[in-house]
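Enquirer: Compute the structure for the input listed below.
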Amino acid sequence: MSNPEAPALLALPDGVIDLTAAQVRRGKQVAELLPIEVALLTYLAQHAPAVVSVARLHADVWGYSPRARTRAAYFAIRRLRQRLETDPGKPQVLTGTEGRGFTLAAPPVRVAPGVRAADLTRVLKLLEAPAALVVITGPAGVGKSTLLHDLARHLDGTLVDLEEHAPDWSSLPDQGVLLLDHLPKADIEPRLKTLRRDHPKLRILLTTRIPPGLRASQEHGLSPLPAPQAATLLTALLAARGVD
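Expert: Predicted structure coming up:
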């Protein structure tokens, strides 16, 4: 029987494990993962919440013979705890014992209906750069706002939806992430110029239908969703607006 597919993103108490990008992101800290560490976390995620024996890890992850004398799994677990745990001496994420085995307590990151995990992962990666400016583009109904609002759940940032209220631009934080939704295209360039002048360290993420061609920006274009996902997204949006 084949193993279930491991999710691309796993939630930590204060961050996320990105198996696709081979990274652990906790606040502003980003730690790279070795290929064997990604393989180990993927295997444990596939079998969570079961406790997996060390012998099974050595056989299925490392490909070692049952007769092999090795402590590879223990060394890898120790390295990973330095990246995953708030207190590596009292592990809460990668738990277990030497005699019994290990389990991974990092649930899959919930992705909103109509959001593709690959899009979420890609935008999070683009936002790692200092003072990043990331633009999510795509036609109407493709899920730009849904992706932006879902990203807001995973980022310690400020979400401003211009359709809901007019923000107090003077009260924005000097650092962190600012997520802008429904900013009129004519206002994008002057607003960003002001934001860059007043908040030079702020990372900015915004949505627009037409790529604005901004300097020093990274664009992530959304392609149309497959019909089932598009229907799911439409249903969720209508429900949010109280339409049956």
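
Enquirer: For the rest of this, base every contact and every neighbour count on C-alpha atoms.
Expert: Will do.

Enquirer: quick one: contacts for the most centrally placed residue in the chain?
Expert: Note on the chain: the residue nearest the mean C-alpha position is Thr121, at 4.8 Å, using C-alpha atoms, centre = their mean. By C-alpha atoms under 8 Å, 6 or more residues apart in numbering, Thr121 lies in contact with Ala8, Leu9, Asp18, Thr20, Ala21.

Enquirer: Just the buried ones among the residues you listed, please.
Expert: Ala8, Leu9, Asp18 (16 or more other C-alpha atoms under 10 Å).

Enquirer: Output the below-cut-off pLDDT ranges for the chain.
Expert: 1-7, 27-28, 111-114, 216, 225-244 (pLDDT under 70).

Enquirer: quick one: the strands in it?
Expert: When secondary structure is read from DSSP state E, the chain shows strands at 9-12, 15-18, 23-26, 29-32, 94-97, 101-104, 133-137, 157-161, 177-181, 203-208, 218-221.

Enquirer: of those strands, which approaches Ala68 most closely?
Expert: The minimum distance between Ala68 and the strands of the chain falls on strand 101-104, with 17.0 Å, by C-alpha to C-alpha.

Enquirer: Mind giving me the packing neighbours of the closest one?
Expert: Applying 3 or more C-alpha pairs under 8 Å, 6 or more residues apart in numbering; DSSP states H and E, we find strand 101-104 packed against helix 35-47, strand 94-97.

Enquirer: which of the ones you listed is buried the deepest?
Expert: Counting by mean count of other C-alpha atoms under 10 Å, helix 35-47 has the highest mean neighbour count of those, with a mean of 19.

Enquirer: chain center to it: distance?
Expert: Put simply, helix 35-47 sits 17 Å off its chain's centre (C-alpha atoms, centre = their mean, to the nearest Å).

Enquirer: Likewise for stretch 184-200?
Expert: 26 Å.

Enquirer: So what touches it?
Expert: With C-alpha under 8 Å, 6+ apart as the test, stretch 184-200 has contacts from Ala131, Pro173, Asp174, Gln175, Leu202, Thr208, Pro212, Leu214.

Enquirer: Buried residues in stretch 199-210, which are they?
Expert: By neighbour count with 16+ other C-alpha under 10 Å, stretch 199-210 contains the buried residues His199, Lys201, Leu202, Arg203, Ile204, Leu205, Leu206, Thr207, Thr208, Arg209.

Enquirer: and the closest residue to Leu159 other than its chain neighbours, what is it in contact with?
Expert: Leaving aside its chain neighbours, Leu159 sits nearest to Leu179 (4.7 Å; criterion: C-alpha to C-alpha, 6 or more residues apart in numbering). The neighbours of Leu179, taking C-alpha under 8 Å, 6+ apart as the test, are Leu148, Ala152, Gly157, Thr158, Leu159, Val160, Ile204, Leu205, Leu206.

Enquirer: let's see 6 Å
Expert: Each residue near Leu179 by C-alpha atoms under 6 Å, 6 or more residues apart in numbering is listed here: Thr158, Leu159, Leu205, Leu206.

Enquirer: Just list whatever residues bridge to it.
Expert: Listed by DSSP bridges, the beta-bridge partners for Leu179 are Leu159, Leu205.

Enquirer: from memory Leu10 sits against Ala105, does it?
Expert: No - judged on C-alpha atoms under 6 Å, Leu10 makes no contact with Ala105 at a distance of 9.2 Å.

Enquirer: mind checking how far the residue of the chain most remote from its centre is from His58?
Expert: Using C-alpha atoms, centre = their mean, the residue of the chain lying farthest from its centre is Arg67. It sits 39.3 Å away. The gap separating Arg67 from His58 is 10 Å, by C-alpha to C-alpha, to the nearest Å.
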